[in-house]
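Asks: Next come a sequence and a model predicted from it.
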Amino acid sequence: MLFLLWFKVKQPESITQKQLMEIWKREAEAALPAVKAGKIKGLYKVSGRREVVAIIDVNSHEELDEILETLPIIRELGHSVTVEVNAIHPYENFYELIRKLAQ
């Protein structure tokens, strides 16, 4: 199951810029091995914003929840991170569906 995740990070007033970057560094150190392992299909930083976009491949909704709850940035910043989650599927699958529906 593929999901598009859009992370929006707001710096809490209680932490410094340096502390935020340390948390983000730990997040990157956790994420990059998942990219190499193929669990994360795409991982992108949105330029000029404190936002990250990821495409992940999971086996279940429960696995998605587990991954999200164990991310360093979620554990350490909690309510300061908003995550938009969208189920996605390959466009080729959609094309096959519309071919069928067009008949």
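Replies: Structure received.
Asks: Which neighbouring elements make contact with the longest helix seen in the chain?
Replies: In the chain, with assignment by DSSP state H, the single longest helix is helix 17-37. When contacts are defined as 3 or more C-beta pairs under 8 Å, 6 or more residues apart in numbering; DSSP states H and E, helix 17-37 sits against strand 40-46, helix 72-77. In short, each C-beta sits where N, CA and C put it, glycine included.
Asks: Now do that helix against strand 40-46, angle only.
Replies: Relative orientation of helix 17-37 versus strand 40-46 (axes from the mean of the first three to the mean of the last three C-alpha atoms, to 10 degrees): 150 degrees.
Asks: Just want to check the distance between Val35 and Ile56.
Replies: Note on Val35: its distance to Ile56, by C-beta to C-beta, to the nearest Å, is 10 Å.
Asks: Name the residue in these two with the higher neighbour count.
Replies: A count of neighbours by other C-beta atoms under 10 Å puts Ile56 above the other of Val35 and Ile56, at 22 against 14.
Asks: ok, Arg50 - contacts?
Replies: Contact partners of Arg50, counting by C-beta atoms under 8 Å, 6 or more residues apart in numbering, are 8-11.
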